[in-house]
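[1] Pasting the sequence and the predicted model now:
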Amino acid sequence: MSAPFDRAIEEFALYLRVERGFSPNTERAYRQDLRSLASFAEERAAAGLADIDLALLRDWLWVGTEAGLAKASLARRAASARGFTAWLARTGRVEHDLGLRLRAPKPGRALPRVVAQTQMSDMLGGLAGRAAAGEPVALRDLALIELLYASALRVSELVALDVDALDLERLTVLALGKGNKERVVPFGVPALSALVEYLRRGRPALLPDGDAPAPKALFLGARGGRLGTRAVHTLVARLLSELPGSGPAGPHALRHTAATHLLDGGADLRAVQELLGHASLGTTQIYTHVSTERLRESYRTAHPRA
């Protein structure tokens with residue numbers, strides 16, 4: 001990658017992080033997209049930033065389509081390119097924003113995986129049985145899954161929690177979401193019980209030995225450091241693999257499940273939007289589609305004239 005491209009991409013990534021408040025994961029994805037664009041531009045003999053035009057951008061998206069990229073990935077690539085070209089024009093690095101009219105296929109509205117309430121009860125019951133012996137990791141896993149399901153937190157929000165984010169009297173947790181936006185999220189009594197037991201018997205046993213200051217992280221790994229997202233993914237994937245059904249098997253499935261169960265139970269859509277930390281109500285509405293699909297399936301299987 002040439003120096004002008006590389007320097008501009010890094011400065012744009014800094015702008016996303018500092019001025020726009022993008023999360024590290026989103027910033028990393030934009031940087032990867034733009035590095036791909038820069039490599040493609042250089043293959044097409046684009047000498048500099050001013051040579052990025054609409055035709056080149058469309059060709060880049062078309063090559064991604066031919067390579068089998070998902071519509072969501074193509075939509076993100078288009079967003080990355082539009083944001084980059086707009087920033088280049090606004091900062092005077094190029095004369096015009098040539099990515100303004102770039103469009104990509106809209107992401108498909110695939111329905112997320114939803115775990116049945118009975119299956120969630122079985123999963124949590126199994127975790128409670130393993131935690132009954134008092135093994136620290138088992139106590140942590142029960143508290144983690146109870147809180148994840150009760151609060152519908154993103155996995156990044158969950159692992160970022162510190163102990164002082166919990167309010168055990170009000171049964172709430174202070175989460176730091178996308179764009180560094182804080183929100184207070186409630187949880188229920190079963191999650192409270194699991195958290196209290198973990199804090200009393202599990203977490204102290206996981207703390208690192210020695211004179212080092214105790215970590216602030218709520219959920220600790222086996223070596224005493226903050227538990228990472230990969231460990232949570234592994235745990236949830238293992239638990240979901242034991243249940244009937246197919247589809248995504250990561251922590252986001254539990255977030256989808258919690259949101260759908262709330263709506264099935266009569267929760268207001270805007271309240272669920274606030275709980276999930278969605279900026280747009282439209283993002284939350286996918287869960288109404290899930291509930292509608294469940295209703296239609298129940299109708300088809302139960303109604304004699306379906």
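    Looks like it arrived, so ask away.
[2] how about the strands in the stretch 201-306 of the chain?
    Using DSSP state E, counting those that start in this stretch, the stretch 201-306 of the chain contains no strands.
[3] can you list the weak-confidence ranges in it?
    Applying pLDDT under 70 to the stretch 201-306 of the chain flags the ranges 210-212, 245-248, 279-306.
[4] mind listing the helices for it?
    203-206, 229-241, 251-264, 269-276, 281-284, 286-302 (DSSP state H, counting those that start in this stretch).
[5] Go through the fourth one and flag the buried ones.
    Which is helix 269-276. Neighbour-count burial for helix 269-276 flags 272-273, 275-276 (criterion: 16 or more other C-beta atoms under 10 Å). C-beta here means a position set from N, CA and C on the backbone, and glycine is covered the same way.
[6] Among those residues, which pair sits farthest apart?
    Using C-beta to C-beta, the two most remote members of the buried residues of helix 269-276 are 273 and 275, lying 7.3 Å apart.
[7] Excluding chain neighbours, give the residue nearest to residue 162 in space.
    Distances taken as C-beta to C-beta, 6 or more residues apart in numbering put residue 216 closest to residue 162, at 4.2 Å, once the chain neighbours are dropped.
[8] so who does the residue nearest to the spatial centre of the chain touch?
    Nearest to the mean C-alpha position of the chain, by C-alpha atoms, centre = their mean, lies residue 154 at 5.0 Å. Taking C-beta atoms under 8 Å, 6 or more residues apart in numbering, we find residue 154 in contact with 177, 251-252, 255, 277.
[9] at 7 Å what do you get?
    By C-beta atoms under 7 Å, 6 or more residues apart in numbering, the residues touching residue 154 are residue 255.
[10] in the stretch 1-150 of the chain, which spans are helices?
    Using DSSP H, counting those that start in this stretch, helices in the stretch 1-150 of the chain cover 3-18, 24-43, 54-66, 71-90, 117-131, 136-151.
[11] ok, of these, where does mean pLDDT dip lowest?
    The minimum mean pLDDT among the helices of the stretch 1-150 of the chain belongs to helix 54-66 (a mean of 81).
[12] And that helix, what's buried?
    So helix 54-66, judged by 16+ other C-beta under 10 Å, has buried residues 56-58, 60-61, 64.
[13] Could you do stretch 71-82 as well?
    In stretch 71-82, counting by 16+ other C-beta under 10 Å, buried: 73-82.
[14] List the contacts of residue 139.
    Residues near residue 139 by C-beta under 7 Å, 6+ apart: 131, 197-198, 201-202.
[15] now those: which count as buried?
    131, 197-198, 202.
[16] With respect to residue 125, which of those residues is nearest?
    residue 131 (10.6 Å).
[17] wait, doesn't that closest one sit right on residue 143?
    No - using C-beta atoms under 7 Å, residue 131 makes no contact with residue 143, being 8.3 Å away.
[18] Can you report how many residues neighbour residue 160?
    Using other C-beta atoms under 10 Å, residue 160 has 18 neighbouring residues.
[19] Go ahead and confirm residue 102 touches residue 81.
    Yes - Residue 102 lies in contact with residue 81 (C-beta under 7 Å); the separation is 5.9 Å.
[20] shared neighbours of those two, anything?
    residue 57.
[21] What residue spans form the domains of this protein?
    3-90, 117-247 (automatic domain parsing).
[22] Same list (those) but as a markdown table, adding distance to residue 261.
    Formatted as a markdown table, the domains of the chain follow (distance: least, C-beta to C-beta, whole Å):
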| stretch | distance to residue 261 |
| --- | --- |
| domain 3-90 | 25 |
| domain 117-247 | 6 |
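[23] Would you mind measuring from the nearest residue in space to residue 65 that is not next to it in sequence to residue 203?
    Nearest residue to residue 65, sequence neighbours excluded (C-beta to C-beta, 6+ apart): residue 74, at 6.4 Å. As for residue 74, its distance to residue 203 is 43 Å (criterion: C-beta to C-beta, to the nearest Å).
[24] quick one, what contacts residue 50?
    Residue 50 touches residue 94, counting by C-beta under 7 Å, 6+ apart.
[25] ok, now how distant is it from residue 9?
    Taken as C-beta to C-beta, the span from residue 50 to residue 9 is 15 Å.
[26] Fine, thanks again, bye for now.
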